[in-house]
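J.: the following comprises the amino acid sequence and a computationally predicted model.
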Amino acid sequence: MSIRAFLDVPIPKSTIEDILTKAVRAPSGGNVQPWQVHVVTGAPLQAFVADIAIKFRAGKLEPAKFESYPKNLWSPHREYRFENGEALYETLGLKREDKLGRIEQFANNFRFFGAPIAMFFTFDKRFEEAAWSDVGMFMQTIMLLATEAGLATCAQRCWLRFRNSIAEFLGLDENSSVLCGLAMGYADENAPINQLKTERAKLENFTNFIGFE
């Protein structure tokens with residue numbers, strides 16, 4: 001479950017180290033382990049988020065290496081996305097005509113929703129698309145371990161729109177490619193947005209069983 005409002009409670013480095021030490025057991029093709037994770041908190045995180053806020057408000061989003069969704073998204077995925085967005089805005093009481101309110105909610109992505117821990121996942125671009133599933137499994141493992149530790153997370157592909165700023169902030173070399181961001185912290189259980197539980201497709205809509213009785 002994606003959490004979009006966090007408590008302002010610091011997370012000890014030892015907790016993050018424990019999660020990552022366990023998560024590195026995630027599978028990868030040929031055990032190449034193509035991932036790098038950059039964990040940011042405290043003053044450096046606040047400074048970075050403040051810089052991004054200025055760029056966002058000025059409309060200075062950067063060209064993404066690839067889009068989060070195809071431009072002409074097809075059914076049923078188009079409906080899934082639309083229903084998800086409408087449910088989120090309804091939970092927050094943001095009507096369709098409240099453009100400013102919806103933009104401000106989107107801007108919360110670039111504040112990591114107030115989470116005290118931000119993670120950026122990168123990989124050597126020489127791996128090309130082959131690394132994407134490996135890094136994804138690594139991320140999912142981290143998210144599950146965080147849940148086990150009483151923490152909450154939100155994976156954020158939107159950070160691709162500031163991948164150059166991220167590269168500069170992290171001091172990445174020319175072979176490093178930003179894949180995703182992740183917010184982590186304690187969930188604000190009282191926040192309305194965290195009451196949202198999105199719908200999921202039924203088993204028969206995404207599964208093909210072959211050879212079973």
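T.: Noted; the coordinates are in hand.

J.: which residues touch the lengthiest helix in the chain?
T.: Secondary structure of the chain per DSSP state H: the longest helix is helix 130-148. For helix 130-148, contacts defined as C-beta atoms under 8 Å, 6 or more residues apart in numbering pick out 19-20, 22-29, 32-35, 37, 119, 121, 123-124, 152-153, 155, 179-180, 182, 184. Heads up, the C-betas are built off the backbone N, CA and C, glycines and all.

J.: now with 7 Å?
T.: Contacts of helix 130-148 with the rest of the structure, by C-beta atoms under 7 Å, 6 or more residues apart in numbering, involve 19-20, 22-23, 26-29, 34-35, 121, 123, 153, 155, 179-180, 182, 184.

J.: over to stretch 33-43?
T.: So stretch 33-43 is contacted by 16, 20, 28, 48, 116-124, 127, 131, 134-135, 138, 170 (C-beta under 7 Å, 6+ apart).

J.: again, but for stretch 77-97
T.: The contact list for stretch 77-97, computed with C-beta under 7 Å, 6+ apart, reads Tyr69, Leu73, Gly101, Arg102, Gln105, Pro192, Ile193, Gln195, Leu196, Thr198, Glu199.

J.: which of those are buried?
T.: For these, a neighbour count by 16 or more other C-beta atoms under 10 Å gives the buried set as Arg102, Gln105, Ile193, Leu196.

J.: any of the contacts of stretch 33-43 buried? List them.
T.: The neighbour-count test (16+ other C-beta under 10 Å) marks 16, 20, 28, 48, 116-123, 127, 131, 134-135, 138, 170 as buried among those.

J.: inside strands: which ones of these?
T.: Where those overlap with strands, as defined by DSSP state E, the overlap consists of Ile117, Ala118, Met119, Phe120, Phe121, Thr122, Phe123.

J.: out of those residues, who's nearest Arg57?
T.: Nearest to Arg57 among those, counting by C-beta to C-beta, is Ala118 at 19.4 Å.

J.: next, the contact list for the closest one, please.
T.: Ala118 neighbours (C-beta under 7 Å, 6+ apart): Val40, Leu45, Phe112, Gly181, Ala183.

J.: just these: which are in helices?
T.: Short answer: these in helices (DSSP H) are Leu45.

J.: can you lay out the contacts of Ala118 as JSON lines showing distance to Asn164?
T.: Written out in JSON lines, the entries for these read as follows (distance: C-beta to C-beta, whole Å):
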{"residue": "Val40", "distance to Asn164": "17"}
{"residue": "Leu45", "distance to Asn164": "18"}
{"residue": "Phe112", "distance to Asn164": "18"}
{"residue": "Gly181", "distance to Asn164": "14"}
{"residue": "Ala183", "distance to Asn164": "21"}
